[in-house]
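Chemist: heads up, no residue letters with this:
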C-alpha cells in the first residue's frame, strides 16, 4: 500500500488537493482510502457526504473517513489514562478539571498516526491518502513518536517486574497506587505500535509527504520552513502543489497589481524547490467540491504523472570518508545558520533549528570520533569528524 500525506498552512486548500488526488487515482481503477487527521475535519464538505470514524464508500474504488481522536483515545490507552486519573484524584475529588488534565498535548495526533498504521497493516487499499492538520500540528504529529517514548519513560520509571515485587510495599508505605499489570501491558503494546509506526514513516518506498502552498510570500516562507523541518526528521517530500493561482484573464483591473507579485512568487518556488516536481492549480470560478469536479481537477493537476508514484526521493543524510576522518552531511535547505545549534554527547548528536530539536544516534563508524568543525553551505550542514588516532 502506498501512503501519501498532504500538509500545508491553514487555508491553502490542502483538503481539496488531497481529495482531488484521491478521486483521480480511484477513477483510474485503484482502491483508495482518504483519511482526515485534522480535528477540524472538512473532508465531508469536500465530497458533500457525511464521513465518520470508519471507512465509508464515496464512489467506486474510493472510501473516506474522519478519525475521531476521542474514540481512538479510549481504545489505545484507556487503562493508562485510568491510572493517571487515579493518581490525580488521590487527594482531590474527581471533576471536570481532572478530565482536562488528562488531555495530554499531542496524544490525539499520535493516535491518528497509529490508526493510519493499523489501516496500512490491514492492506485493504492500494493507496492511503492522509489529509493532515495545518503545518504546525503536522510537525507535532510527525515528531511525536520520537518524543512519546522518552515522555512515558519519565512518567513510568518503574518497570513491570519491579512493580510486581515492590508494589505492595510501596503502596502500603506511600499510599500511592502502583500501575497494575494491564497498565504495563497496554504501555508495552503502545510502545510496540510506536516503533512499528516509526519504521513505516521512515520507509521512503511507501510514505511520502506533499506540501501545499499558495503563491504568497508569507505562505511560501511557511512551506520552506516545513520542508526544512521535514528534512530534519528524515521524511521524504516528493512534491510541491501551488494552489489558488490567479488566472491571467482575472488579473486585469483591480487585481492588476497582483500580476508581478504572483510571477515573482512562482519564480521563487521554482528556484527554491529545484528538482522537486511542482504542480500548479488555478483558482476556480466556483467552489471545488463533489466527486466529479474533484476527479476532473485531479487529472488536470497531475497530467501525465501518476500521483500514486514516488515522484521524488532525496538523500538527506550521508557519511563521507575523507582523507583525514569523516564528514556527516545533512541536507536541510532554507535554514538561517544563525538558528542552527549543534551538540554531541557520546553516540548521540543533537541538532536544533530555531524551535525544532532532533536527536540522532550516530552511525557506528562515527562513534568515538570527535567533531572538529561544522559549516552550513549550499543547503547542507557538514559536520567534520577527526580520525580516531587524533581524538
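Modeler: Alright, I've got the coordinates. Note that the structure is predicted; figures quoted are calculated from it, not measured.
Chemist: Just give me the longest strand of this protein.
Modeler: Criterion DSSP state E: the longest strand present in the chain is strand 237-245.
Chemist: which parts of the next helix or strand after that one are buried?
Modeler: Beyond strand 237-245 on the C-terminal side, the first helix or strand identified by DSSP states H and E is helix 258-272. For helix 258-272, a neighbour-count test (16 or more other Cβ atoms under 10 Å) marks 262, 265-266, 269, 272 as buried. (Each C-beta comes from the backbone N, C-alpha and C, glycine too.)
Chemist: and if you look at stretch 324-339?
Modeler: By neighbour count on 16+ other Cβ under 10 Å, the buried set for stretch 324-339 is 325-328, 330-332, 334-335.
Chemist: Buried residues in stretch 50-63, which are they?
Modeler: In stretch 50-63, the ones that count as buried by 16+ other Cβ under 10 Å are 51, 55-56, 58-59, 61-63.
Chemist: can you map out the strands along the stretch 151-300 of the chain?
Modeler: Along the stretch 151-300 of the chain, the segments classed as strands by DSSP state E, counting those that start in this stretch run 207-213, 237-245, 278-282.
Chemist: Tell me which of the ones you listed sits nearest to residue 383.
Modeler: strand 237-245 (22.4 Å; Cβ to Cβ).
Chemist: how about low-confidence regions in this structure?
Modeler: 70, 72-110, 135-181, 183-184, 186, 389-391 (pLDDT under 70).
Chemist: Spell out which residues make up each domain of it.
Modeler: 1-314, 317-390 (automatic domain parsing).
Chemist: quick revisit: counting only strands, which of the buried residues of stretch 50-63 make the cut?
Modeler: With strands taken from DSSP E, the overlap with the buried residues of stretch 50-63 comprises 56, 58-59, 62-63.
Chemist: Pick out whichever of those sits closest to residue 47.
Modeler: residue 58 (5.2 Å).
Chemist: so who does the closest one touch?
Modeler: Residue 58 makes contact with 47, 49, 64, 291, according to Cβ atoms under 8 Å, 6 or more residues apart in numbering.
Chemist: Would you mind listing the residues in contact with the first one?
Modeler: Under the criterion of Cβ under 8 Å, 6+ apart, the contact list for residue 47 reads 19, 58, 64, 289-291, 294.
Chemist: PyMOL command to pick out the buried ones of these?
Modeler: Applied in PyMOL, the following selects the buried portion of the contacts of residue 47 according to 16+ other Cβ under 10 Å:
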select buried, resi 19+58+64+291+294
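Chemist: Which members of the contacts of residue 58 are the farthest-apart pair?
Modeler: By the measure Cβ to Cβ, 64 and 291 form the most distant pair in the contacts of residue 58, at 10.2 Å.
Chemist: Give the bridge partners for residue 8, please.
Modeler: residue 212 (DSSP bridges).
Chemist: and the buried residues of stretch 324-339, which of them are in helices?
Modeler: Among these, no member is found in helices (DSSP state H).
Chemist: partner strands of the longest strand of the chain, parallel or antiparallel?
Modeler: Sheet partners assigned to strand 237-245 using DSSP bridges are listed as strand 207-213 (parallel), strand 278-282 (parallel).
Chemist: Please produce a markdown table containing the ones you listed, extended by mean neighbour count and distance to residue 341.
Modeler: Shown next, in a markdown table, are the strands paired with strand 237-245 (neighbours: other Cβ atoms under 10 Å; distance: least, Cβ to Cβ, whole Å):
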| stretch | mean neighbour count | distance to residue 341 |
| --- | --- | --- |
| strand 207-213 | 25 | 25 |
| strand 278-282 | 17 | 31 |
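Chemist: farthest pair in the buried residues of stretch 50-63?
Modeler: Within the buried residues of stretch 50-63, 51 and 61 form the most distant pair, 16.2 Å apart (Cβ to Cβ).
Chemist: which of the domains of the chain sits most buried?
Modeler: Most buried of the domains of the chain by mean neighbour count (mean count of other Cβ atoms under 10 Å) is domain 1-314; its value is a mean of 17.
Chemist: gap between the two ends of it?
Modeler: One end of domain 1-314 sits 21 Å from the other (Cα to Cα, to the nearest Å).
Chemist: Repeat that for stretch 25-38.
Modeler: Using Cα to Cα, the end-to-end distance of stretch 25-38 comes to 22 Å.
Chemist: that older thread, need the contact partners of the longest strand of the chain.
Modeler: 6, 12-14, 16-17, 208-215, 223, 227, 230-231, 262, 266, 269, 273, 276-283, 301, 310-314.
Chemist: cutoff 6 Å now
Modeler: By Cβ atoms under 6 Å, 6 or more residues apart in numbering, the list of residues contacting strand 237-245 from outside reads 12-13, 17, 208-215, 227, 230, 273, 276-283, 310-312.
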